[in-house]
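Chemist: sequence and predicted structure, then a few things I'm wondering about:
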Amino acid sequence: MKKNKDKTIFPQLNCPKNKTFFFLISQMVFFFFLASIGGFLWEVLIFLFKDGRFCNRGFLYGPWLPVYGTGAVLFYLLLGNPLRRISHSAPVKKHHPITIFFLTMLIGTLLELGIGYFLDAVWGLRYWDYGGYFLNYHGYICLASALGFGIAGTVWICFLSDFITRLWLKIPRPMRNIINIILLLIFAADCVAALIIPNAGKGITFSLSFSAKNA
């Protein structure tokens, strides 16, 4: 009889539902910051390669881009079956990688469109502009970006999320809570500062090139 592989991933979590819920919250906070910081480093490296200089990318001042963190959390909550994995209340339904690819491509594209439009509408700032890219929509989204979301989402759901959860579980619970609380406090302070004076400037925000050409 085939054993449930996920029982080896969460050996400490055969516990009451309230503790299971708190672990899920802790896990999602960690995923959010890990992906946000990873996304920031990714974009910094791209600009270093293209322009040979450092750019503090994004609306915030800290080393994180929340669009990546939000995407990682949404992908996992919608496609990773986290409650079933943790509680073992039912067999885990695993999606085919092709299904995950197209769903994460769709979710990520809609998320990028919504966040880009919101920042543009509220603050008049654009932190990316796909105006010159193939199959773009008003510079907010494009085919290349959508494919990137699909590839990253598939790797995240099929390979990385369980591996990173194992590493997270190796950290004692009190330390996990301290890490999350410190990150949340710093992030909250950063959000307050950015709401007052958003991070902007050369290499950070872009002119509305696509919109101007098509006005």
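Modeler: Cool, the structure landed.
Chemist: which elements pack onto the longest helix seen in the chain?
Modeler: Longest helix of the chain, by residue count under DSSP state H: helix 17-51. On a contact count with 3 or more CB pairs under 8 Å, 6 or more residues apart in numbering; DSSP states H and E, helix 17-51 meets helix 66-79, helix 82-87, helix 161-169, helix 173-196. Glycine gets a C-beta too; all of them are placed from N, C-alpha and C.
Chemist: mind checking which of those helices is nearest residue 152?
Modeler: Closest approach to residue 152 among the helices and strands packed on helix 17-51 (CB to CB): helix 66-79, 8.0 Å.
Chemist: what's in contact with the closest one?
Modeler: 28, 31-36, 38-40, 42, 58-60, 82, 95, 100, 103-104, 107-108, 111-112, 115, 149, 152-153, 156-157, 161 (CB atoms under 8 Å, 6 or more residues apart in numbering).
Chemist: are any of those residues buried, and which?
Modeler: For those, a burial check counting by 16 or more other CB atoms under 10 Å picks out 28, 31-36, 38-40, 58-60, 82, 95, 100, 103-104, 107-108, 111-112, 115, 149, 152-153, 156-157, 161.
Chemist: neighbours around residue 132, how many?
Modeler: Neighbour count of residue 132, defined by other CB atoms under 10 Å: 11.
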